[in-house]
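*Asks:* Sequence and predicted model, in that order:
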Amino acid sequence: MPLKKCHGQMGGFALTTVAWLLCCISTGLPQWQVWHYEDPVVLKPTVALVGMWRACVFHTDRNSSNTRVCYQYNYDGSIPLYIRGNQHLLLVSSFLGLFGKITTIIALSNVHMGRVRRNATCNPFRLSGILNIIASSFLYLAVLFNYIAIMSKWGIAFPPSFNLPFQPDTRKMGSAMALAIIAAVLFQLSGTICLSSNLDIGKMPRSKM
């Protein structure tokens, strides 16, 4: 089966690739929550970015220039449960997206080389579709938990060295959350394409070696 007959499946692979990249990028970015508060030390409005793995604070020096200082989370129990859960959800989504890419490549290769059993209606892309749908679901959960935390104004007991308040004056969703939503939608579209691509191998000629 020539690859030119696998337009849908190759499109699904492209969507998986983009979704996986966006998922990895959003996982590492600190812009999941944007906090605005007044620093009690310098008595100036301050902006902080609260991510799943680190928090970054923008300090204004005497020259009125902003300096970003980031603090990595540790495992001393000060970080709330929803962030811990989101860390696992994002990591699992990244691995599932990677495995989805690999299984799609293997399925495309098997169909192209005629390794799929003939005279049978089958879907060699079923596994990659399932992996992408699960990755999408986990990303949606991570976004949902972060959204609930913002709307419910859940506080975070950061270590004293972070110099961050328990709760900000105001908070809003950041760009990393938007990237995660886009990645989840693309994973879902790719998984739907893979699961709906039933190939009648018996009606397709083998590729000539």
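*Replies:* Alright, I've got the coordinates.

*Asks:* Just the terminal-to-terminal distance for stretch 49-59.
*Replies:* One end of stretch 49-59 sits 12 Å from the other (CA to CA, to the nearest Å).

*Asks:* Is the residue nearest in space to the middle of the chain in a helix, a strand, or coil?
*Replies:* Nearest to the geometric centre of the chain sits Cys23, at 2.7 Å (CA atoms, centre = their mean). Using DSSP: H, G, I helix; E, B strand; the rest coil, the three-state assignment for Cys23 comes out as helix.

*Asks:* Quick check: it touching Ser93?
*Replies:* Yes - under the criterion of CB atoms under 8 Å, Cys23 makes contact with Ser93 at 5.4 Å. Any C-beta I mention is one placed from the backbone N, CA and C, and that applies to glycine too.

*Asks:* shared neighbours, these two?
*Replies:* Ala135, Leu139, Ala183, Phe187 (CB atoms under 8 Å, 6 or more residues apart in numbering).

*Asks:* quick one: pLDDT of Gln188?
*Replies:* With respect to pLDDT, Gln188 scores 95.

*Asks:* Now the phi/psi pair for Cys56, please.
*Replies:* Note on Cys56: its backbone torsions stand at phi -120, psi 140 [degrees, to the nearest 10].

*Asks:* On the strand side of things, show who it bridges to.
*Replies:* Applying DSSP bridges to Cys56 gives these bridge partners: Leu49, Cys70.

*Asks:* In contact with it, which residues?
*Replies:* Cys56 sits in contact with Pro30, Ala48, Leu49, Arg68, Val69, Cys70, Tyr71, where contact means CB under 8 Å, 6+ apart.

*Asks:* Which helix in the protein has the most residues?
*Replies:* Looking across the chain with DSSP state H, the single longest helix is helix 81-112.

*Asks:* what comes up buried for it?
*Replies:* Going by neighbour count (16 or more other CB atoms under 10 Å), the buried part of helix 81-112 is 82-83, 86-87, 89-90, 93-94, 96-101, 103-104, 107-108, 111-112.

*Asks:* hang on, the earlier thing: what's near enough to touch the residue nearest to the centre of the chain?
*Replies:* Applying CB under 8 Å, 6+ apart, the residues near Cys23 are Leu90, Ser93, Ser94, Gly97, Ala135, Leu139, Ala180, Ala183, Phe187.

*Asks:* got it, and Met173?
*Replies:* Trp32, Gln33, Val34, Asn146, Tyr147, Ile150.
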